[in-house]
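Visitor: Got a sequence here, can you model it:
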Amino acid sequence: MSLLLNEICEQPVVLKALAAKNAVTVKTVAEEYRKRGLDGIYFAARGTSDHACVYAQYLFGITAGIPCALGTPSVITKYGAKMKFGTDLVIGVSQSGKAEDVLEVLKQANSQGCLTVAVTNDEESPMAREAKYHLYCAAGPEISIAATKTFTAQMYLLALLCAELSDNDDLRAQLAGIPDDVADLLKYAPPALEAKLVRYRYLTNAFILGRGLEYPIALEGALKILETNCIKMKGAAISDFYHGPIAQIADGDLVIVISSRGATSDDDRMMIDRLHEIGAEVFVITNDEELYKSEKFGILTPEGGKYTVPFLFAVCVQVFAYELTVIRGIDPNKSKVLKKITITK
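Guide: Here you go, the predicted structure:
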């Protein structure tokens with residue numbers, strides 16, 4: 001089995017262990033958040049980790065009513081700004097825990113006496129040591145250039161914290177069920193996608209769209225496909241795509257649409273209809289059986305939960321990226337440009 005596919009397939013086991021490994025820390029952070037009277041969250045991250053934070057930004061807003069900011073670490077490291085974090089919980093997220101600019105955000109927040117949390121896959125990393133609390137991905141070594149299991153682990157840990165802060169039993173139950181849902185998906189997704197993606201052997205560019213909780217998965221899907229297959233990909237929010245970017249779509253262009261049954265499904269269908277009018281080829285990733293059956297190209301995931309189905313979509317786009325490398329004869333674990341750990345300052 002390919003290294004990348006092997007790491008993708010480890011996700012059910014990784015996700016299943018996260019709650020028990022981090023339960024005490026999650027509860028302690030939530031208790032201190034309330035005791036301090038905090039009312040916001042400031043995230044600092046890069047790349048894939050940033051996409052996990054976008055998911056959390058939506059989830060905290062939807063279930064807990066907590067406003068979240070996506071940080072701009074360079075205002076500290078390049079412009080020397082002194083941020084006023086006020087009553088925010090400051091969370092730094094990094095697979096390696098070595099992101100220097102994210103680390104500087106945590107240092108500045110600590111100097112102001114803020115509540116700080118690091119989410120990393122290394123308990124001895126600089127970020128894990130700097131933050132007051134550490135949430136541990138416990139994903140084991142991730143060697144493939146494309147982050148997979150650490151991405152969903154980051155999402156899961158942030159969702160666990162969200163469930164605790166919102167005291168949301170529905171979210172807790174959905175999180176408990178997601179490892180088995182991912183395992184079920186992985187039983188059929190790799191061969192199913194390989195068969196469906198043969199037509200994209202010579203793909204040179206595509207778009208991937210989603211809205212709300214699906215938007216960060218569109219961003220992450222674009223990153224996974226472009227970094228493994230070296231093709232031009234763009235992830236975007238469906239709501240923003242109307243405001244100019246849709247003008248780039250030409251007859252025959254591939255547009256992947258991530259759609260779940262729920263709050264944004266009407267908008268998803270309107271976009272799909274518009275793309276068909278233009279002549280684009282639409283590939284849907286969805287848990288909506290009716291939508292799946294109505295489209296010529298796509299894959300149907302397990303139902304999942306309204307808050308956690310993005311995990312299933314994330315795994316789908318990972319497998320999509322991997323199977324495309326098989327079809328195109330590319331080794332996804334070698335790159336002339338990319339490195340596994342990228343340090344920005």
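Visitor: element containing Tyr202?
Guide: Per DSSP states H and E: Tyr202 is located in neither a helix nor a strand.
Visitor: Near it, how many other residues are there?
Guide: Tyr202 is flanked by 8 other residues according to other C-beta atoms under 10 Å. Where C-beta positions appear, they are placed from N, C-alpha and C, glycine not excepted.
Visitor: First-to-last residue distance for stretch 161-172?
Guide: Counting by C-alpha to C-alpha, to the nearest Å, the length from the leading to the trailing residue of stretch 161-172 is 10 Å.
Visitor: Please state the mean pLDDT value computed over that stretch.
Guide: Looking at stretch 161-172 alone, the average pLDDT works out to 98.
Visitor: Not counting its own residues, what contacts that stretch?
Guide: The contact list for stretch 161-172 (C-beta atoms under 8 Å, 6 or more residues apart in numbering) reads 26-27, 29-30, 33-34, 56, 59-60, 63-64, 66, 117, 135, 159, 175, 305, 307-308.
Visitor: Restricted to helices, list those residues.
Guide: 26-27, 29-30, 33-34, 56, 59-60, 63-64, 159, 175 (DSSP state H).
Visitor: Let me know the closest of these to Val257.
Guide: Nearest to Val257 among the ones in helices among the contacts of stretch 161-172, counting by C-beta to C-beta, is Leu59 at 21.1 Å.
Visitor: Touching, the closest one and Leu157? I think so.
Guide: No - here Leu59 does not reach Leu157: they are 11.8 Å apart, not a contact under C-beta atoms under 8 Å.
Visitor: and the strand or helix carrying Arg129, which residues are buried?
Guide: Secondary structure assigned from DSSP H and E places Arg129 in helix 126-130. By neighbour count on 16 or more other C-beta atoms under 10 Å, the buried set for helix 126-130 is 126-128, 130.
Visitor: From the ones in helices among the contacts of stretch 161-172, keep the buried residues only.
Guide: Among the ones in helices among the contacts of stretch 161-172, those that count as buried by neighbour count (16+ other C-beta under 10 Å) are 26, 29-30, 33, 56, 59-60, 63-64, 159, 175.
Visitor: and the residues you listed as a markdown table, adding distance to Ser49?
Guide: Formatted as a markdown table, these follow (distance: C-beta to C-beta, whole Å):
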| residue | distance to Ser49 |
| --- | --- |
| Val26 | 18 |
| Val29 | 18 |
| Ala30 | 21 |
| Tyr33 | 21 |
| Ala56 | 11 |
| Leu59 | 15 |
| Phe60 | 16 |
| Thr63 | 21 |
| Ala64 | 21 |
| Ala159 | 15 |
| Leu175 | 19 |
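Visitor: coming back round to it: in CSV, list the ones in helices among the contacts of stretch 161-172 along with distance to Gly298.
Guide: As requested, those are exported to CSV (distance: C-beta to C-beta, whole Å):
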residue, distance to Gly298
Val26, 36
Lys27, 40
Val29, 39
Ala30, 38
Tyr33, 40
Arg34, 43
Ala56, 27
Leu59, 25
Phe60, 30
Thr63, 28
Ala64, 33
Ala159, 26
Leu175, 26
